[in-house]
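> Build me a structure from this.
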Amino acid sequence: SVTSIGRSAFSQCYKLTSITIPDSVISIGHAAFRACGLTNITIPDSVISIGGSAFRACSSLTSITIPDSVTSIGSLAFYECHSLTSITIPDGVTSIGVRAFRYCTSLTSITIPDGVTSIGAVAFRDCSNLTSITIPNGVTSIGDGAFSGCESLTTIEVGAGNMNFTGINGVLFNAEKTVLVAYPAGKAGANYTIHDGVTSIRVSAFSHCSSLTGITIPDSVTIIERNAFSSCTSLTSITIPDSVTSIGRRAFGGCASLTSITIPDSVTRIGDEAFGGCA
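Sure, this is the predicted structure:
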């Protein structure tokens, strides 16, 4: 009996619209069904791992059933599955890979179980119809830009028992509230004041927040990481406090409405393309 579906086994089988995976299969390999014409698929209970890029660019895939037996979802597993509208991640999964659901532009909701401990970098980036997400209690790490470019995302909630992250009015911080991790791009309001005590604005924290016209950065902030405010297309001016020493790569890249900026003497490093595209 077949126990595994190998690397690129059915890759680019554009006319393959359906397939039955036998109960004997325990692993689906890297890019196994990449760019297939599948519209829906049921993964049997025997499968424990879904490899990287396994269903990448299956742009006709509207639904998928993942069994409780699966423990890991690989990097880019569902990348560019543009027609996928919802997905339930089973309780057995502990990690969501890098770019796992990036460009799933029809995805409106997703349930992350308590067993998940890590969410990879840009895991849900550019899921433009995703409106809300809850970080469960078990999550200990969230990769850079995990939710950036989610233009309809209005709130990021955090489970009450999570020891590593916290939410304040829908904005995601570390547990100590010293690192601003992510600001939901669809959150209402033209102005936002970062509270005192925040020392770092993380990678892509405000990326694609196109409705923001003004942001107040407190004196406690020392680092503005790369892409922190990239593509904040309505941001018109910003004052960087004297506490800041480093402005990361493309930190304000693509802020096309930015007309003025004040950089203090404390800054010792301005990264590549920090203000690139500020027309």
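
> can you give me the strands in the stretch 1-150 of the chain?
With strands called from DSSP state E, counting those that start in this stretch, the stretch 1-150 of the chain shows them at 4-5, 27-28, 40-42, 49-50, 63-65, 72-73, 86-88, 95-96, 109-111, 118-119, 132-135, 141-142.

> Check the offset of stretch 234-242 from the chain's centre.
Distance of stretch 234-242 from its chain centroid, counting by CA atoms, centre = their mean, to the nearest Å, is 25 Å.

> Next, count neighbours for residue 74.
24 (other CB atoms under 10 Å). Heads up, the C-betas are built off the backbone N, CA and C, glycines and all.

> who are the neighbours in contact with it?
If you count contacts by CB atoms under 8 Å, 6 or more residues apart in numbering, residue 74 has them with 30, 49-54, 97, 100.

> Format those residues as a markdown table; extra columns: neighbour count and distance to residue 36.
Converted to a markdown table, these look like this (neighbours: other CB atoms under 10 Å; distance: CB to CB, whole Å):
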| residue | neighbour count | distance to residue 36 |
| --- | --- | --- |
| 30 | 20 | 14 |
| 49 | 17 | 19 |
| 50 | 26 | 14 |
| 51 | 23 | 14 |
| 52 | 22 | 16 |
| 53 | 27 | 12 |
| 54 | 29 | 10 |
| 97 | 24 | 19 |
| 100 | 28 | 18 |
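
> ok, now how distant is residue 188 from residue 170?
9 Å (CB to CB, to the nearest Å).

> ok, these two, which is more surrounded?
Taking other CB under 10 Å, residue 188 and residue 170 do not tie; residue 170 has more neighbours (18 against 9).

> could you dump the strands of the stretch 1-150 of the chain to JSON lines with distance to residue 34 and mean pLDDT?
Output for those, formatted as JSON lines (distance: least, CB to CB, whole Å; pLDDT from 0 to 100):
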{"stretch": "strand 4-5", "distance to residue 34": "12", "mean pLDDT": "93"}
{"stretch": "strand 27-28", "distance to residue 34": "11", "mean pLDDT": "94"}
{"stretch": "strand 40-42", "distance to residue 34": "13", "mean pLDDT": "86"}
{"stretch": "strand 49-50", "distance to residue 34": "12", "mean pLDDT": "92"}
{"stretch": "strand 63-65", "distance to residue 34": "14", "mean pLDDT": "85"}
{"stretch": "strand 72-73", "distance to residue 34": "15", "mean pLDDT": "90"}
{"stretch": "strand 86-88", "distance to residue 34": "18", "mean pLDDT": "83"}
{"stretch": "strand 95-96", "distance to residue 34": "18", "mean pLDDT": "94"}
{"stretch": "strand 109-111", "distance to residue 34": "21", "mean pLDDT": "84"}
{"stretch": "strand 118-119", "distance to residue 34": "22", "mean pLDDT": "96"}
{"stretch": "strand 132-135", "distance to residue 34": "26", "mean pLDDT": "93"}
{"stretch": "strand 141-142", "distance to residue 34": "26", "mean pLDDT": "97"}
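
> Spell out which residues are contacts of both of residue 188 and residue 170.
residue 154.

> Spatially central residue in the chain, please.
Closest to where the C-alpha atoms of the chain average out (CA atoms, centre = their mean) is residue 146, at 2.2 Å.

> how about it, what does it touch?
Neighbour list for residue 146: 119-125, 182 [criterion: CB under 8 Å, 6+ apart].

> If I look at it, what pLDDT would I see?
What the model reports as pLDDT for residue 146 is 97.

> The residue nearest to it when sequence neighbours are not counted and residue 98, how far apart?
In this structure, residue 146 finds its nearest non-sequential neighbour in residue 123, 4.8 Å apart by CB to CB, 6 or more residues apart in numbering. Distance of residue 123 to residue 98, computed by CB to CB: 7 Å.

> my read: residue 239 touches residue 215, true?
No: counting by CB atoms under 8 Å, residue 239 stays clear of residue 215, with 9.4 Å between them.
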